[in-house]
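Chemist: Let's see this in three dimensions:
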Amino acid sequence: MLTKEKRIERLLEQDDSHWRWGWGVAIATVVMTFLIATQSKLYAPLIVFISFFPYLCFEWRKTKLLLTFNENARYQRVVYTDFGIQWLCFVSTICLLAAYYADLLSPILAIAGLFGIGALSILGPYVINRYLHTLDSHHVRGKELREARDQRFHESNTNT
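Modeler: As a prediction, the model looks like this:
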């Protein structure tokens, strides 16, 4: 089992190896979103797919890396559950928008559904990461990873 410092190091290495790809995908996503959005509002589910699918790809790679940190079956199930919740929110948002634009949902239900999905996508990973930390004291929480990124950024700026 890796220590927290080694895990942070591996997560930062993964960030470093994918930053160019991430920016390329982000730029392509913005361009495609604007092109599709000008066509018709009926393409909203497609816009959501184009906008968030790359994020899910990055999360899947992070999930695969997290699975290498601890071989405990419960830990791995919870890591998979975290990704599953994100995937569920993604698919639910697309389905909700498709149902709304097909006039199967009222605007109030669509907005309520989007708020519910948003709350689940924010609170779910937070609760799961807290639980993962109880299963494995070396689990890297989002806050710790952000602090490591900030520290590395400040160190690189002071060395320049």
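Chemist: check contacts around Arg7.
Modeler: Phe69, His138, His139, Val140 (Cβ atoms under 8 Å, 6 or more residues apart in numbering). The C-beta positions use only the backbone N, C-alpha and C, and glycine is treated the same way.
Chemist: From Val78, how far off is it?
Modeler: Noted for Arg7: a distance of 16 Å to Val78, by Cβ to Cβ, to the nearest Å.
Chemist: now Glu144, nearest residue through space, not along the chain?
Modeler: Nearest non-adjacent residue to Glu144, counting by Cβ to Cβ, 6 or more residues apart in numbering: Ile8, 6.8 Å away.
Chemist: What residues of the helix or strand that that neighbour is a member of count as buried?
Modeler: Using DSSP states H and E, Ile8 sits within helix 4-37. Residues of helix 4-37 classed as buried: Lys4, Arg7, Ile8, Arg10, Leu11, Asp15, Val25, Thr29, Thr33, Ile36 (neighbour count, 16 or more other Cβ atoms under 10 Å).
Chemist: thinking again about what came up before, was I right about the residue nearest to Glu144 contacting Leu145?
Modeler: Yes - Ile8 is in contact with Leu145 according to Cβ atoms under 8 Å; the separation is 6.4 Å.
Chemist: Quick one: list the elements packing against the one helix or strand Gln151 maps to.
Modeler: Secondary structure assigned from DSSP H and E places Gln151 in helix 142-159. Other elements packing on helix 142-159 under the criterion 3 or more Cβ pairs under 8 Å, 6 or more residues apart in numbering; DSSP states H and E are helix 4-37, helix 107-135.
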